[in-house]
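# my questions concern the predicted model and sequence given below.
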Amino acid sequence: MGWYNKRLAKSLWVFHVSGSPCNNCDIEILDLLTPKYDLERLGIKLVGSIRHADVLLMTGVMNKKIAPRIKKLYEQAPKPIFVVAVGSCPASTITFKKSYNRVEKIEDVIPIDMYIPGCPPKPEAMIEGVAKLIGVLNG
Amino acid sequence: MSKVPVGPFHPLLEEAEYFELTVDGETVIDIDMEIGWMHRGHEYISEMSSFTQSIYLVERICGICSTSHPLACVHAIEDIDNIEIPDRARYIRSLVGELERIHSHLLWLGLAGHFIGYDTVWMWAWKYREPVLQMMELISGNRNHYGMMRVGGVARDVEPEKLPELHKHLDMIEEKMKMIAKIANDDPVLKKRLKGVGVLTQEDARNYCATGPTSRASGVRGDVRKDDPTDAYDLVDFKEIVLSNGDVYDKLVVRVLEIIESVKICRQCIDKLKIVKGSFWNKVEQVGEGEGCGRYEAPRGEVFHYIRSDGTNRPIRHKVRAPSYVNIPTYEASCKGISISDALITLASVDPCYCCTERSMKIKDVHNKEVPDLLTLSRNKTEKIRREIND
């Protein structure tokens, strides 16, 4: 749906979900809204419901208790939805590799379109990541 | 009676938490909570990692307290062998710890403003938080997760050419904090909205073993920095802030005043760093057999780490007690009987790294009227008070 994606790219609405992170990525995501970075000037808005969202920002290694909830959340989202995994946790599970309580593979729970690594990624890196996503959507 | 589910995902922030408020009309009768959405098994992983890796790991327990946990952890490891640290390391540790307290309290202040419908406070507080993160980046190279702690000292030095810039930022923060303290003192809406709301009495604070600003706002003394001074806390001069009412307003004032105290500590540490020269790390080859406890006053209260070592390079038991875990049960005392529009700010007043509670679900109360979500209720109440005062 190339034409549809192009429409989406003009103003992405983002929903943020935390899958057992350490809060840091989440706070940096919130930090993007505040005066220094102010993502809303780029048309990107953090919304309160997954039903309004075009992008799902996911953080954390995702533990076994939260995985079914995140799957449910993903199923509620209007498609197409693009899942962006923020932080090193979903990308490589860093220090939590040996944890007994994390899901084996996050990609089995929800498909992930893009990773932004970093612990936590700098706000500039997150903006660049989202800008790249817009580039892909524009074709 | 009806039940209002809150969580586990709420749109604006952070952790997944689940609360269930039982309400009768607009009054909260009971509260129940469910935790475990964040469980990643830190203690178990720590027992499989070396001491150096443990410090890296406990830093990732909480992103906001990412100095408090490693600091308590290195205190515990140093307690096993009574390892001494150089004076310069003491000041650097306290400097980083206090900067973290400033950024954590500012973060809370912003979110509290957001919950009661003062989005300007949110934006301002986070704007003034930004220089703290810049200072952290200057000192440690990262905005969060500083990786500064190490057994026997700190991981990196603070170079003397960085110190003047730190002073400049601290001046700005102190000035703005005094402004915010003045706003809190002057604004009639804020006072009416927060005074007498969610009161945690002194007796309840003791019974629930609350720690940190939550207990100090209720008049219970207790600050690890004063009671069991480690690092540079016995070498610097600062006040312990204790207020008596235990309502949300006092919790706000405690935090604002603590920021001003923290700025004072930071200044003294920076001044000392100009004088105290020498190594910032005593080399530690091996940790012996035994057990050790480490404590530190995190922004939210006392962090406690217990480590037992059998002489190898790994802890065989690592126990962590975080402050929010003891502060969250105080909701039972502070939330019962208050209006549901005050519930949100009362839940947030403990600073449990959890906040906004918008839901797509509609709740009906006994009279079959629809109850809007908590954030809207909270904001509507502020709006109502504002209108009353203006009339």
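Noted; the coordinates are in hand.

# tell me which residue is most central in chain A.
Residue closest to the average C-alpha location in chain A (CA atoms, centre = their mean): residue A:57, at 1.6 Å.

# contact partners for the nearest residue in space to it that is not next to it in sequence?
Distance criterion CB to CB, 6 or more residues apart in numbering or on different chains; nearest residue to residue A:57, sequence neighbours excluded, is residue A:16 at 4.5 Å. The way it works is simple: take the backbone N, C-alpha and C, and place the C-beta from them, glycine included. With contacts defined as CB atoms under 8 Å, 6 or more residues apart in numbering or on different chains, the neighbours of residue A:16 are A:26, A:29, A:46, A:56, A:57, A:59, B:11.

# now those as a markdown table including secondary structure and distance to residue B:261?
Putting the contacts of residue A:16 into a markdown table (DSSP: H, G, I helix; E, B strand; the rest coil; distance: CB to CB, whole Å) gives the following:
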| residue | secondary structure | distance to residue B:261 |
| --- | --- | --- |
| A:26 | helix | 28 |
| A:29 | helix | 30 |
| A:46 | strand | 33 |
| A:56 | strand | 41 |
| A:57 | strand | 36 |
| A:59 | strand | 32 |
| B:11 | coil | 34 |
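
# which ones are touching residue A:17?
A:50, A:56, A:57, A:58, A:59, A:70, A:73, B:9.

# need the max-distance pair from these.
Across the contacts of residue A:17, no pair lies farther apart than A:50 and A:59, at 15.0 Å, counting by CB to CB.

# so the two - more neighbours on which side?
A count of neighbours by other CB atoms under 10 Å in any protein chain shown puts residue A:59 above the other of residue A:50 and residue A:59, at 29 against 21.

# got a list of contacts for stretch A:97-110?
For stretch A:97-110, the external contacting residues (CB under 8 Å, 6+ apart) are A:19-20, A:56, A:58, A:61-65, A:67, A:70-71, A:74, A:83, A:85, A:90, A:93, A:96, A:112, B:39-41, B:44-45, B:48.

# now with 7 Å?
With CB atoms under 7 Å, 6 or more residues apart in numbering or on different chains as the test, stretch A:97-110 has contacts from A:61-64, A:67, A:70-71, A:74, A:83, A:90, A:93, A:96, A:112, B:39-41, B:44-45, B:48.

# is it true that residue B:52 lies in a strand?
No: remark: residue B:52 does not belong to a strand; assigned using DSSP: H, G, I helix; E, B strand; the rest coil, it is helix.

# looking at it now. What's its pLDDT?
With respect to pLDDT, residue B:52 has a value of 90.

# before we move on, what about the one 10 residues further on?
With respect to pLDDT, residue B:62 scores 84.

# for it, pull up the helix or strand it's in.
For residue B:62, there is no enclosing helix or strand under DSSP states H and E.

# quick check: it touching residue A:22?
Yes: here residue B:62 reaches residue A:22: they are 5.8 Å apart, a contact under CB atoms under 7 Å.

# show me which of those two is the more surrounded one.
The neighbour count for residue B:62 versus residue A:22, taken as other CB under 10 Å, is higher for residue A:22 (32 against 25).

# mind checking the backbone torsions on that one?
With angles defined as degrees, to the nearest 10, residue A:22 sits at phi -100, psi 20.
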